[in-house]
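1. Below: sequence and its predicted model.
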Amino acid sequence: MKLKQVNTAFLVTTGVSVLVFIYLVFLGYDEIKTLKDVIKIIASILFPIPMLFFVRFILIEHFLPQNTDEYKLKNQKPATVLLILTVIISISFMQLLEYVTSQKLEDNLIFAHLINSATISSYVLNYILYNNLRANGILSGVLLSLAIHVFFLSA
Amino acid sequence: MNLFFNNQNPKSNSSKRELLFTFQSIIVTGLLAFTAIAFFVYNDLSIIKGIKVIFAPFLSVVPLLFILSILRDLQKGFLEGNYSKAEIIKFCIITIAITAAFTGITFLLSKIDALEILLAAIMAILSAIFFLKSKIKDILGMSIVTGIAEGIIVYMIFLF
């Protein structure tokens, strides 16, 4: 059954990203002082939605691979490699950025929300509609590295 | 989950595209309302002449209704198949250009200091969107609407 093929990785990563999202909101709770901050946060959460609709509009069934065992087997390795690569690259990129600008990601809540909501929405879209395993690897990598960064690497 | 989603929409691609276009225009309408409220509350706008507020929407709604009534459909509607690579690139560039333009237009809107002028400007943009929605049912309309939405959001995030 296809219903049983629901990827556990999807559930885990979505759970993690929702946690990060809630954590970010609570973390920034003290910093939300004015109406302007609220507007900015709402805007950064809404940011990916029109873009995703546009992508869906263009690529309506363009790259729809069959969800077969063969396809999964073929893409297992590249997807895993991409996942690990993306985690390493984005963690080191964020560390470098924090080091260079000497600012914490938490101090720039808008950007954290922006990255997070953009990645979650494209993740869900990719999972439901396109089922592209390599894209899945990259998006999981970004979400995971954001989670690792926020939870472990920023004291 | 895939099965569930596929069974739910046994429609043709063009009707799916039309649905997406409708959603997108609803989002833009919401965003425009959001912009109006944000600027109204944050910039502490005042009403200079009350009578102007009542007549502000007519400035753009009346020409819109007139144009809608006399014009035939400009495009043939949504495509059933795929778009070619050249078309995709072209319309992505159009979207980015409109995004940049609307970031600027939203910036201009934020400079307005009277409620009636803001209202008239927002109504004019809304009328343009309704025009696109009802007459230019095509990828061009979709890219313009997307550009408007993203432009407003980009302004709100980075410049507001």
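-> Noted; the coordinates are in hand. Residues are numbered from 1 along each chain as shown, chains lettered A, B, ... in the order given.
2. Mind pulling the model confidence for residue B:146?
-> What the model reports as pLDDT for residue B:146 is 90.
3. Report the next helix or strand after the biggest helix by length in chain B in sequence order.
-> Looking across chain B with DSSP state H, the single longest helix is helix B:13-42. Later in the chain than helix B:13-42, the nearest helix or strand by DSSP states H and E is helix B:50-55.
4. and chain B, which residues reach chain A?
-> Listed as neighbours of chain A in chain B under the rule C-beta under 8 Å from any C-beta of the partner chain: B:1-5, B:13, B:16-17, B:20-21, B:23-24, B:27-28, B:31, B:34, B:38, B:41-42, B:82-83, B:88, B:91, B:95, B:139, B:142-143, B:145-146, B:149-150, B:153-154, B:156-157, B:160. C-beta coordinates here come from the backbone N, C-alpha and C atoms, glycine included.
5. Recalculate using a threshold of 7 Å.
-> B:1-3, B:5, B:13, B:16-17, B:20, B:23-24, B:27, B:38, B:41-42, B:82-83, B:88, B:95, B:142-143, B:146, B:149-150, B:153, B:156-157, B:160 (C-beta under 7 Å from any C-beta of the partner chain).
6. unless I'm mixing things up, residue B:18 is touching residue B:79, no?
-> No - assessed by C-beta atoms under 7 Å, residue B:18 is found out of contact with residue B:79, at 11.0 Å.
7. of those two, who's got more company?
-> residue B:18 (17 against 14; other C-beta atoms under 10 Å in any protein chain shown).
8. ok, now which ones touch that one?
-> Contacts for residue B:18 were tallied using C-beta atoms under 7 Å, 6 or more residues apart in numbering or on different chains; they are B:78, B:137.
9. ok, and what's touching the helix or strand where residue A:141 lies?
-> Element membership of residue A:141, judged by DSSP H and E, is helix A:133-148. Residues from elsewhere that reach helix A:133-148, judged by C-beta under 7 Å, 6+ apart: A:9, A:13, A:16-17, A:20, A:72, A:75, A:78-80, A:82-83, A:86-87, A:90-91, A:115-116, A:119, A:122-123, A:126-127.
10. Point to the residue nearest the middle of chain A.
-> Nearest to the geometric centre of chain A sits residue A:119, at 2.8 Å (C-alpha atoms, centre = their mean).
11. Report the secondary structure element holding that residue.
-> For residue A:119, the element it lies in under DSSP H and E is helix A:109-125.
12. Export only the CA atoms of that helix, formatted as CSV.
-> Extracted in CSV, the C-alpha atoms of helix A:109-125 (Å, rounded to 0.1, in the frame of the first residue of the first chain):
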residue,chain,number,x,y,z
LEU,A,109,14.6,36.2,14.5
ILE,A,110,13.3,37.3,11.1
PHE,A,111,15.9,35.3,9.3
ALA,A,112,15.5,32.3,11.4
HIS,A,113,11.8,32.4,10.6
LEU,A,114,12.4,33.0,7.0
ILE,A,115,14.7,30.0,6.5
ASN,A,116,12.6,27.8,8.7
SER,A,117,9.2,28.5,7.0
ALA,A,118,10.6,28.5,3.5
THR,A,119,12.2,25.1,4.1
ILE,A,120,9.3,23.5,5.8
SER,A,121,6.9,24.6,3.1
SER,A,122,9.0,23.4,0.3
TYR,A,123,9.6,20.2,2.2
VAL,A,124,5.9,19.5,2.6
LEU,A,125,5.3,20.5,-1.1
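13. Could you list the buried residues of that helix?
-> Neighbour counts over helix A:109-125 (16 or more other C-beta atoms under 10 Å in any protein chain shown) mark A:109-110, A:112-123, A:125 as buried.
14. same thing with stretch A:72-89?
-> Buried residues in stretch A:72-89 (16+ other C-beta under 10 Å): A:75, A:79, A:82, A:83, A:86, A:87.
15. From the residues you listed, which shows the smallest pLDDT?
-> Out of the buried residues of stretch A:72-89, that is residue A:75, at 78.
16. could you check the angle helix A:109-125 makes with the helix holding residue A:141?
-> 150 degrees (axes from the mean of the first three to the mean of the last three C-alpha atoms, to 10 degrees).
17. Pull out the buried positions in helix A:133-148.
-> Neighbour counts over helix A:133-148 (16+ other C-beta under 10 Å) mark A:133, A:135-148 as buried.
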